[in-house]
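Student: sequence first, then the predicted structure, then my questions.
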Amino acid sequence: MSSNAIFNESENSKHTVDQLIHTMKTAVMVLNDSMHVEFINDSGLSLFETGLNQLKERSLSDYLLSDSFNQERFKNAFEKGEEFTESELQLCFKDGRSVMVDLHATLLNHDDRRQLLVEILPIDKQRKISQETQQYAQQMAARELIRGLAHEIKNPLGGIRGAAQLLGKELSDPAHNEFTQMIIDQADRLRALVDRLLGPNSLPQKRMCNLHEIIEKVRSVITADVNYAIAVERDYDPSIPDIYADPDMLQQALLNIARNANQALKAAKVEHPVIGFRTRVERQCVIKGKRHSLCALISIIDNGPGVPKELRDTLFYPMVTSKRKGSGLGLSIAQTLADHHQGKIDVESFPGYTEFTLHIPIFTKEDHQ
């Protein structure tokens, strides 16, 4: 075989490999030790929603928020040759997008240069549904555990309170009654806390109602806070029909979320605080493994600091909060109220953007007859 034939075969093989890489669904990038992109395939360009000229030789930090990826792990990969994998990583782009991915990084040594091969695979919708189902099962298990403990606490509290009342009647010195009253007051306080831990126990009083009327009531509460001026934006879909639901429960769920957003903006002292209310319709929505033909989506969006990473997996558990004086029950109660309507609450959050979305299946009164 001639040298020209070998050269042409080599060129053809290289062209074939390039074609294969560019047709892969996995985003493939090659980074240098300055975290600049030296190569990226078509799926990578699609993920970053930009062109090759705009991305090539630019740093990832120009496109991704710093909290979105662990820069220390990339640095260690270059310095120590440590390849790594991150599953279910939320990549947050500076243009406001957020994508859940699996990421794998491998060190390459080429021409005495160190490069990092990064493979990014967006997680498909089915995997997200499976993750939601698992998280819901964990939340229900935690909720049942807390409810069991709450009932065990509640019963002795009644006995303690009753004994304190009887003791107060037997004391000859009225000055000592302040101590028995202290026991009664603290028992009442603990009982009230336990009742809140148990969550709403009344059945929903459903009727045909308009979602936007409910949201407007929540919006009026937020705008009534004269001590902290927040810009409130509305983006409603007027095509959403009336649904068969408990308007008081839905209002309480949305109010708990909106108050959390309000408090987060206050605590962070955001310079131009904004809370947005948005409604949409989603078809073929899957909630806890069950498919619904039509769902209403109510989103509450703020430009606050975002949900701390360490709380994201347990955000809807009772007693979980990042606030110094918070009870950690607002979101747990909101989730319970959503459960009463066969709904769910999703959250997407990164610094400067947090969106809580309440998914409510659209039922008519006839659906329940």
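Tutor: It's in.

Student: what comes up buried for stretch 18-27?
Tutor: Neighbour-count burial for stretch 18-27 flags 21, 26-27 (criterion: 16 or more other Cβ atoms under 10 Å). C-betas here are computed from N, CA, C, even on glycine.

Student: what does stretch 245-260 give?
Tutor: Buried residues in stretch 245-260 (16+ other Cβ under 10 Å): 245-247, 249-258, 260.

Student: hmm, back to that, min pLDDT across the buried residues of stretch 18-27, which one?
Tutor: Lowest pLDDT among the buried residues of stretch 18-27: Ile21, with 82.

Student: contacting residues for that residue?
Tutor: Counting by Cβ atoms under 8 Å, 6 or more residues apart in numbering, Ile21 makes contact with 28, 41.

Student: quick check: it is in a strand.
Tutor: No. Assignment of Ile21 by DSSP: H, G, I helix; E, B strand; the rest coil gives helix, placing it outside any strand.

Student: and the helices in the stretch 101-250 of the chain?
Tutor: Applying DSSP state H, counting those that start in this stretch to the stretch 101-250 of the chain gives helices spanning 125-170, 177-198, 211-223, 247-268.

Student: quick one, which of these gets closest to Val101.
Tutor: Nearest of the helices of the stretch 101-250 of the chain to Val101, taken as Cβ to Cβ: helix 125-170 at 10.8 Å.

Student: now that closest one: mean pLDDT?
Tutor: Helix 125-170 comes out with an average pLDDT of 71.

Student: one more: stretch 313-322?
Tutor: Computed over stretch 313-322, the average pLDDT equals 67.

Student: and what of stretch 240-259?
Tutor: Per-residue pLDDT over stretch 240-259 has a mean of 91.

Student: report the backbone C-alpha coordinates of that stretch in CSV.
Tutor: C-alpha atoms of stretch 240-259 as CSV (Å, rounded to 0.1, in the frame of the first residue of the first chain):
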residue,chain,number,x,y,z
ILE,A,240,-57.2,28.1,32.2
PRO,A,241,-60.7,26.9,33.0
ASP,A,242,-62.4,26.9,36.5
ILE,A,243,-61.4,23.9,38.5
TYR,A,244,-63.0,21.8,41.2
ALA,A,245,-60.9,22.5,44.2
ASP,A,246,-60.8,24.0,47.7
PRO,A,247,-59.9,27.6,47.2
ASP,A,248,-59.0,28.2,50.8
MET,A,249,-56.4,25.4,50.7
LEU,A,250,-54.9,26.5,47.5
GLN,A,251,-54.7,30.1,48.7
GLN,A,252,-52.9,28.9,51.9
ALA,A,253,-50.4,26.8,49.9
LEU,A,254,-49.6,29.7,47.6
LEU,A,255,-49.5,32.2,50.5
ASN,A,256,-46.9,30.0,52.3
ILE,A,257,-44.7,30.0,49.3
ALA,A,258,-45.1,33.7,48.6
ARG,A,259,-44.3,34.6,52.2
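
Student: mind checking how far that stretch is from the chain centre?
Tutor: Relative to the centre of its chain, stretch 240-259 is centred 19 Å away, using Cα atoms, centre = their mean, to the nearest Å.

Student: any idea how this structure splits into domains?
Tutor: Listed domain ranges for the chain are 3-123, 127-198, 207-368 (source: automatic domain parsing).

Student: out of those, which gets the lowest mean score?
Tutor: Among the domains of the chain, domain 127-198 carries the lowest mean pLDDT, a mean of 74.

Student: that older thread, most tightly surrounded among the helices of the stretch 101-250 of the chain?
Tutor: Burial of the helices of the stretch 101-250 of the chain is given as mean neighbour count (mean count of other Cβ atoms under 10 Å); helix 247-268 ranks first at a mean of 20.

Student: which elements pack onto that one?
Tutor: The contact analysis (3 or more Cβ pairs under 8 Å, 6 or more residues apart in numbering; DSSP states H and E) places helix 247-268 against strand 207-209, helix 211-223, strand 274-287, strand 290-302, helix 330-339, strand 353-361.

Student: columns distance to Asp195 on top of the ones you listed, output as CSV?
Tutor: As requested, the helices and strands packed on helix 247-268 are exported to CSV (distance: least, Cβ to Cβ, whole Å):
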stretch, distance to Asp195
strand 207-209, 26
helix 211-223, 23
strand 274-287, 28
strand 290-302, 26
helix 330-339, 11
strand 353-361, 24
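
Student: between these, which gets nearest to Ala231?
Tutor: Here strand 274-287 is closest among the helices and strands packed on helix 247-268 (Cβ to Cβ), at 4.7 Å.

Student: in TSV, list the buried residues of stretch 18-27 along with distance to Lys56.
Tutor: TSV is the format used below for the buried residues of stretch 18-27 (distance: Cβ to Cβ, whole Å):
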residue	distance to Lys56
Ile21	15
Thr26	19
Ala27	14
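
Student: before we move on, the earlier item: which one of the buried residues of stretch 245-260 sits closest to Phe69?
Tutor: Asn260 (26.6 Å).

Student: just give the number of residues close to the closest residue to that closest one other than its chain neighbours.
Tutor: Ranked by Cβ to Cβ, 6 or more residues apart in numbering and with sequence neighbours excluded, the top spatial neighbour of Asn260 is Gly330, at 5.8 Å. When neighbours are defined as other Cβ atoms under 10 Å, Gly330 has 22 of them.

Student: now swap in Phe356 and tell me
Tutor: Applying other Cβ under 10 Å, we find 25 residues neighbouring Phe356.

Student: and if you look at the one 5 residues further on?
Tutor: As a burial measure, Pro361 scores 21 neighbours (other Cβ under 10 Å).
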